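Student: take this sequence and fold it.
(one chain, ligands or ions: 1)
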Amino acid sequence: MAAQAQQESAVVPVHDSVRDREIRLEQEHLDRVYRRLEEKISEAEFLMHDAAQRGHVGTPGALAERDAQVFRAGIHLNRLHNEYEDFLFGRIDLLPGKDGKKGPDGAYTAVEPAEGAVRPDNTADIAETLHIGRIGVLDEDYAPLVIDWRAPAAAPFYRSTPVDPGRVVRRRVIRSKGRRVQSVEDDLMRPELKATLDGRELAVIGDGALMAALGQARTHTMRDIVASIQAEQDLVIRAPAASVTYVEGGPGTGKTAVALHRAAYLLYQDRRRYAGGILIVSPTPLLVAYTEGVLPSLGEEGQVAIRAIGSLVDGAEATVYDSPAVARIKGSYRMLKVLRKAAHGALELNDSPQRLRVVAFGRRLELEAEELAGIRRTALGGTAPVNLLRPRARKLILDALWERSGAGNRHTDPELAAELRSSFDEDITSEDDFIAFLDAWWPELTPAAVLDAMTDERRLGRWARRVLNPGEVRKLARALQRDGRSVHDIALLDELQAVLGAPARPRKKREVDPLDQLTGLEELMPVREETQRERAERLAQERVEYAHVIVDEAQDLTPMQWRMVGRRGRHATWTIVGDPAQSSWSDPDEAAQARDEALGTRPPVARHRPSAEGSAGRASRGRRFELTVNYRNPAEIAELAAKVLALAMPGSESPRAVRSTGVQPRFAVVRDTLGATVRAEAARLLERVDGTVGVVVAMRRREEARRWLDGLGDRVVALGSLEAKGLEYDATVVVSPAEIADESPAGLRLLYVALTRATQQLTVVSAERDEPDAEGVPDLLRD
Ligand SMILES: Nc1ncnc2c1ncn2[C@@H]1O[C@H](COP(=O)(O)OP(=O)(O)OP(=O)(O)O)[C@@H](O)[C@H]1O
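Tutor: Numbers count the residues shown, from 1 in each chain. Now for the predicted structure:
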């Protein structure tokens with residue numbers, strides 16, 4: 001494979017003085033870059049100062065231009081001031097290009113070398129050297145000192161391989177700290193070539209950047225991979241954002257890393273188009289915290305929102321977990337019907353009035369319970385949001401009262417009849433009793449109130465008739481009774497928000513007109529409710545939608561979650577990143593159907609039933625990429641995990657591990673108590689690795705496991721199997737594979753996730769139910 005071939009070609013021992021010379025040369029270049037950056041900083045500061053000096057006078061156009069200038073200079077300054085580690089991290093030495101043309105960044109555009117660039121005796125001259133960094137920097141003559149890693153000219157840095165080298169002869173990764181270059185590592189793309197640069201033979205230093213990056217100790221935050229993005233990953237990062245881009249790959253293939261770098265790339269490549277924002281949906285707050293430093297390190301902040309799937313609804317936050325059985329109910333399409341029924345049914349709760357009595361034109365008029373129920377049914381017909389139907393219901397009531405009053409027959413002249421009707425309506429609607437009736441009979445519902453109403457089992461049973469069975473109703477009602485929201489509740493709240501429509505704004509008082517005050521007219525004017533059209537316009541403004549949505553760990557989204565995410569990207573392009581073998585959702589067919597509907601790649605079909613043919617395996621519209629190399633796990637750990645993959649998804653292939661450590665996974669059995677054994681194993685690993693240790697347990701043991709690790713320090717953490725999604729540690733302890741596997745229908749897939757979190761060492765602790773053999777190897781992990 002390309003990555004390995006690169007490594008093999010790069011191991012060339014060099015004399016220290018050559019290394020020192022190469023480092024010195026890179027240092028000289030970096031010094032020039034920083035001098036130029038300082039000039040740019042002064043320029044930006046001057047611009048800001050200058051703009052601010054222009055004061056507050058001028059035409060509105062000039063003021064807007066001044067504000068824009070201050071804004072732009074501020075952003076620029078901010079980026080320049082962030083003194084990144086590894087500001088400059090790469091370099092490529094290139095043969096002359098085919099057509100000799102230069103692009104807007106000052107670099108040659110041709111990917112292929114010019115004819116004759118390589119002489120018959122396999123010698124060549126380097127025609128161009130490009131340095132690659134986090135942002136582009138031009139010198140005073142507009143020649144590139146540093147090319148932005150996302151610029152087209154930087155692509156060969158990532159794409160070139162010994163198999164398909166293009167113009168690249170040497171690819172160099174430069175490591176620096178602050179302003180000092182510390183080391184360089186080279187890969188030769190054309191090892192057969194004797195290339196010279198300025199009359200001197202090209203030196204080759206180090207044993208490859210990728211391996212150096214992979215061997216580093218892990219902290220609790222992810223690092224960017226700009227210096228060592230691999231060719232298959234680069235293709236995904238730079239794929240044009242048309243419709244949907246699907247990315248699949250096993251654990252550790254860099255899916256999350258690629259997703260983050262793709263966000264930065266898209267912004268760079270078309271900042272205006274993505275000004276509407278990019279949303280990255282992540283499975284857990286832990287993964288959000290782990291990854292949120294990457295984009296700032298790539299110079300991108302502000303336009304990308306990384307949100308956990310349980311934090312997508314403002315004002316609600318998932319804090320508790322559902323049992324697998326409850327999750328299955330809450331996540332399923334079937335909930336759609338239940339929620340709609342509940343939203344309608346909730347109108348009748350809390351002493352909804354059974355009768356309406358008003359006085360109009362001096363007559364007492366009444367509507368009885370049955371008539372009111374009929375009016376409610378008519379008003380609720382159709383699909384408009386419940387809260388927006390109140391004006392319609394009000395109108396239907398007035399119609400019924402008008403009918404009852406018999407006043408409609410008084411005039412044959414239409415104009416007079418209309419006048420009479422309008423004063424009839426005014427008579428009624430200005431009555432306090434009528435306003436109070438309407439508030440109680442058609443209350444403004446909130447999603448939280450409807451979900452609370454669903455905690456009553458009998459009531460829920462009514463709303464879920466023929467959709468959920470009585471056992472499911474009981475489980476759901478009980479789960480909703482608990483304090484705190486689960487990640488699945490958030491999708492229900494969002495669905496309810498759509499079913500109900502946003503609550504009306506507090507009624508706006510009309511602007512006070514001094515004339516009105518003089519005449520006392522203010523008091524006579526009825527307070528105006530927000531009209532339906534005004535509300536629709538307001539909602540359109542308030543709607544939170546994004547220009548591009550990236551869904552990480554997409555295999556985990558339930559149908560209800562897909563609907564929630566879909567609402568945030570109705571006009572967006574998408575990048576969907578996942579691995580079916582790691583899915584924690586039990587019905588992949590139903591989820592795939594929901595995904596395709598959310599992405600608009602498939603017409604909606606009957607909802608609460610999975611389609612008869614099954615849709616998970618069928619290709620949806622869009623481009624597909626596959627990542628095939630595991631950069632996280634050493635081969636020893638990947639091999640063990642592959643055994644579980646064969647059980648969880650027979651026939652699917654494991655990604656190929658790119659390195660090996662020679663350290664085999666360790667198997668331990670419970671000696672004293674489970675807690676004491678796990679603690680001892682965690683302590684042992686803490687001594688053996690410099691970075692972090694993760695202890696993965698079945699979800700129900702999370703709290704307990706935290707106590708087991710008390711006092712071992714903050715390099716070690718305990719996690720439930722669902723919480724381990726996407727994370728990685730130097731070493732992991734996986735506690736009782738059988739417990740994890742038995743905990744849910746997706747248990748084997750969650751065990752696969754647990755076993756693939758370590759970058760260096762893994763210990764598996766078996767309890768009794770794991771049926772360990774004499775070596776301590778649990779049943780599930782034996783050949
Ligand atoms: N090109 C690369 N250079 C250096 N490190 C890399 C590269 N690609 C991936 N990695 C590292 O490999 C590890 C795994 O990457 P990442 O978490 O993105 O994988 P993933 O496919 O999302 O895994 P999972 O499916 O298990 O969540 C990370 O530490 C990442 O930094």
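
Student: contacts and neighbour counts: CA atoms only from here.
Tutor: Fine.

Student: contacts for stretch 247-266?
Tutor: In this structure, residues lying in contact with stretch 247-266 by CA atoms under 8 Å, 6 or more residues apart in numbering are 150, 224-226, 233-234, 236-238, 241, 274, 278, 294-295, 298, 300, 304, 550, 552, 575-579, 581, 624-633, 654-655, 726, 753, 756.

Student: buried subset of the residues you listed, written for PyMOL?
Tutor: A single PyMOL command selects the buried members of the contacts of stretch 247-266 (16 or more other CA atoms under 10 Å):
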select buried, resi 150+224+225+226+233+234+236+237+238+241+274+278+294+295+298+300+304+550+552+575+576+577+578+579+581+625+626+627+628+629+630+631+632+633+654+655+726+753+756
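
Student: from the contacts of stretch 247-266, which are also near the ligand?
Tutor: Filtering these for neighbours of the ligand using CA under 6 Å from any ligand atom leaves 225, 631-632, 726.

Student: for those residues, point out the one with the lowest pLDDT.
Tutor: The member of those with the lowest pLDDT is Ile225, at 84.

Student: give me the element that one is part of.
Tutor: Secondary structure from DSSP states H and E places Ile225 outside every helix and strand.

Student: picking up where we left off before, now, the contacts of stretch 247-266 that are in strands?
Tutor: Applying DSSP state E to the contacts of stretch 247-266, the entries found in strands are 278, 304, 550, 575-578, 624-627, 629-630.

Student: how about the ones next to the ligand among the contacts of stretch 247-266 in JSON lines, adding distance to Lys341?
Tutor: Listed next are these as JSON lines, based on distance: CA to CA, whole Å:
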{"residue": "Ile225", "distance to Lys341": "49"}
{"residue": "Tyr631", "distance to Lys341": "49"}
{"residue": "Arg632", "distance to Lys341": "47"}
{"residue": "Gly726", "distance to Lys341": "37"}
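
Student: between these, which is nearest the ligand?
Tutor: Checking those against the ligand with CA to the nearest ligand atom, the nearest one is Gly726 at 3.3 Å.

Student: the stretch 601-750 of the chain: strands as residue ranges?
Tutor: 623-627, 629-630, 656-657, 666-669, 693-697, 716-720, 729-735 (DSSP state E, counting those that start in this stretch).

Student: pipe the ones you listed into TSV and attach distance to Ala646 per row.
Tutor: Formatted as TSV, those follow (distance: least, CA to CA, whole Å):
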stretch	distance to Ala646
strand 623-627	19
strand 629-630	17
strand 656-657	15
strand 666-669	20
strand 693-697	21
strand 716-720	23
strand 729-735	18
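
Student: switch those over to TSV; also include mean pLDDT.
Tutor: Listed next are the strands of the stretch 601-750 of the chain as TSV, based on pLDDT from 0 to 100:
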stretch	mean pLDDT
strand 623-627	93
strand 629-630	92
strand 656-657	91
strand 666-669	97
strand 693-697	97
strand 716-720	96
strand 729-735	97
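
Student: tell me the one among the ones next to the ligand among the contacts of stretch 247-266 nearest to Val338.
Tutor: Comparing those against Val338 with CA to CA places Gly726 closest, at 32.6 Å.

Student: backbone phi and psi for that closest one, please?
Tutor: With angles defined as degrees, to the nearest 10, Gly726 sits at phi 80, psi -10.

Student: surely it touches Leu286?
Tutor: No - the pair Gly726 and Leu286 fails to qualify as a contact (CA atoms under 8 Å) at a distance of 9.0 Å.

Student: how about residues contacting stretch 373-392?
Tutor: Against stretch 373-392 from outside (CA under 8 Å, 6+ apart): 343-344, 393, 396-397, 442, 444-445, 498-504, 532.

Student: kindly report the same for stretch 673-691.
Tutor: For stretch 673-691, contacts defined as CA under 8 Å, 6+ apart pick out 217-219, 668-671, 692-693, 695, 705, 708-709, 712, 715-716, 729-733, 735, 760-761, 763, 765, 767.

Student: which of the residues you listed are buried?
Tutor: Buried members of the contacts of stretch 673-691, scored by 16+ other CA under 10 Å, are 218-219, 668-670, 692-693, 695, 705, 708-709, 715-716, 729-733, 735, 760-761, 763, 765, 767.

Student: the residue of the stretch 401-550 of the chain found nearest the ligand pairs with what?
Tutor: Closest to the ligand within the stretch 401-550 of the chain is Ile550: 12.7 Å, counting by CA to the nearest ligand atom. Counting by DSSP bridges, Ile550 forms beta bridges with Ile280, Thr575.

Student: separation between it and Ser405?
Tutor: 59 Å (CA to CA, to the nearest Å).

Student: count of neighbours near His49?
Tutor: Using other CA atoms under 10 Å, His49 has 13 neighbouring residues.

Student: tell me which element Pro450 falls in.
Tutor: No Pro there; residue 450 is Val. Following DSSP H and E, one finds Val450 within helix 447-453.

Student: then the helix or strand following that helix to CSV, C-alphas only?
Tutor: With elements assigned by DSSP H and E, the helix or strand that comes after helix 447-453 is helix 457-463. The C-alpha coordinates for helix 457-463 follow below in CSV (Å, rounded to 0.1, in the frame of the first residue of the first chain):
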residue,chain,number,x,y,z
GLU,A,457,-49.4,5.4,30.9
ARG,A,458,-53.1,5.2,30.2
ARG,A,459,-53.1,8.4,28.2
LEU,A,460,-50.0,7.3,26.3
GLY,A,461,-51.7,3.9,25.6
ARG,A,462,-54.5,5.8,23.9
TRP,A,463,-52.2,7.9,21.8
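
Student: buried ones in helix 457-463, by neighbour count?
Tutor: Using 16+ other CA under 10 Å as the test for burial, helix 457-463 gives 457, 459-461, 463.

Student: among the contacts of stretch 373-392, who's most crowded?
Tutor: Ala343 (27 neighbours).

Student: could I get the contacting residues of that residue?
Tutor: Ala343 makes contact with 386, 445, 450, 496, 499-500 under the criterion CA under 8 Å, 6+ apart.

Student: swap the cut-off to 7 Å and go again
Tutor: Contacts of Ala343 were listed using CA atoms under 7 Å, 6 or more residues apart in numbering, and they are 450, 500.

Student: toward the C-terminus, what is the element adjacent to the host helix or strand of it?
Tutor: Secondary structure from DSSP H and E places Ala343 in helix 334-345. Once the chain leaves helix 334-345, the next helix or strand it forms, by DSSP H and E, is strand 356-360.

Student: give the rounded mean pLDDT of that following strand.
Tutor: 83.

Student: any chance you could list what contacts that strand?
Tutor: By CA under 7 Å, 6+ apart, strand 356-360 touches 364-368, 424, 427-428, 434.

Student: can you rerun that using 10 Å?
Tutor: Residues outside strand 356-360 that contact it (CA atoms under 10 Å, 6 or more residues apart in numbering) are 364-369, 371-372, 397, 401-402, 405, 423-429, 431-434, 437-438, 441.

Student: how far off centre is it?
Tutor: Its chain's C-alpha centre and that of strand 356-360 lie 54 Å apart, by CA atoms, centre = their mean, to the nearest Å.

Student: same for the helix or strand that comes right after that strand, what does it pack against?
Tutor: Counting by DSSP H and E, the next helix or strand C-terminal to strand 356-360 is strand 363-367. Contacts defined by 3 or more CA pairs under 10 Å, 6 or more residues apart in numbering; DSSP states H and E place strand 363-367 against strand 356-360, helix 390-405.

Student: and strand 363-367, what's its mean pLDDT?
Tutor: 85.

Student: ok and it relative to helix 390-405, angle-wise?
Tutor: Put simply, strand 363-367 runs at 120 degrees to helix 390-405, going by axes from the mean of the first three to the mean of the last three CA atoms, to 10 degrees.

Student: report the buried residues of strand 363-367.
Tutor: Residues of strand 363-367 classed as buried by neighbour count (16+ other CA under 10 Å): 366-367.
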